[in-house]
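A.B. asks: Based on what follows, work out the 3D shape:
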Amino acid sequence: MSTEVRVPIEREADIVVARQKGRELAASTGFSNTDQTIIALAISEMARNIISYAGTGEIVLTPLDDGARRGILIVARDEGPGIADIDLAMRDGYSTGKSLGVGLPGTKRIMDEFHLSSVLGLGTTITMKRWLR
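C.D. replies: Below you'll find the model as predicted:
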């Protein structure tokens, strides 16, 4: 299986690149078209958050194979201001921007595994996994 793919996120166009790379990796891993769309959506949400709240960052995509199952690991990381209240940020409807506030909690629901860590002044890292069914 291929190695990790790193996509710098610095401008809106990079969101499209990250989505495309995620779809390609998902397809080569064996995900259905529906799952490829779900994975691309998660990547898009995280990349958009990087642009909106941190300015720049990166998306790292890695194929997973633990011997029993295959999947994809998505890591979205930035060195932005961080998230002051993670519990609040994970609530449906909460937003510090002008959005509907469904990005983080919605993405958590569509992925199999989701972990968010954030340190004020140092940035945020979101680690997500989706497994083949």
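A.B. asks: pLDDT-wise, which helix or strand of the chain ranks last?
C.D. replies: helix 86-89 (a mean of 88; mean pLDDT, DSSP states H and E).
A.B. asks: Now do that one: which elements does it pack against?
C.D. replies: Based on contacts counted as 3 or more Cβ pairs under 8 Å, 6 or more residues apart in numbering; DSSP states H and E, the elements that helix 86-89 packs against are strand 113-119. From N, CA and C alone the C-beta is placed, and that goes for glycine too.
A.B. asks: And the strand it packs on, what does it pack against?
C.D. replies: Packed against strand 113-119 by the contact rule (3+ Cβ pairs under 8 Å, 6+ apart) you find helix 86-89, helix 103-110, strand 123-131.
A.B. asks: Given the helix or strand hosting Pro63, what are its sheet partners and their directions?
C.D. replies: Following DSSP states H and E, one finds Pro63 within strand 57-65. Each strand paired with strand 57-65, and its direction, by DSSP bridges: strand 5-9 (antiparallel), strand 70-78 (antiparallel).
A.B. asks: Not counting that strand itself, show me its contacts.
C.D. replies: With contacts defined as Cβ atoms under 8 Å, 6 or more residues apart in numbering, strand 57-65 is touched by 1-9, 18, 21-22, 25, 28-29, 43, 46-47, 50, 70-80, 123, 129, 131.
A.B. asks: Select only the buried ones of those residues in ChimeraX?
C.D. replies: Selecting only the buried entries of the contacts of strand 57-65 in ChimeraX, with 16 or more other Cβ atoms under 10 Å as the criterion:
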select :7,9,18,21,22,25,29,43,46,47,50,71,72,73,74,75,76,77,78,79,80,123,129,131
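A.B. asks: Among the helices and strands packed on strand 113-119, show me which one is buried the most.
C.D. replies: Neighbour counts (mean count of other Cβ atoms under 10 Å) averaged over each of the helices and strands packed on strand 113-119 peak at strand 123-131, with a mean of 20.
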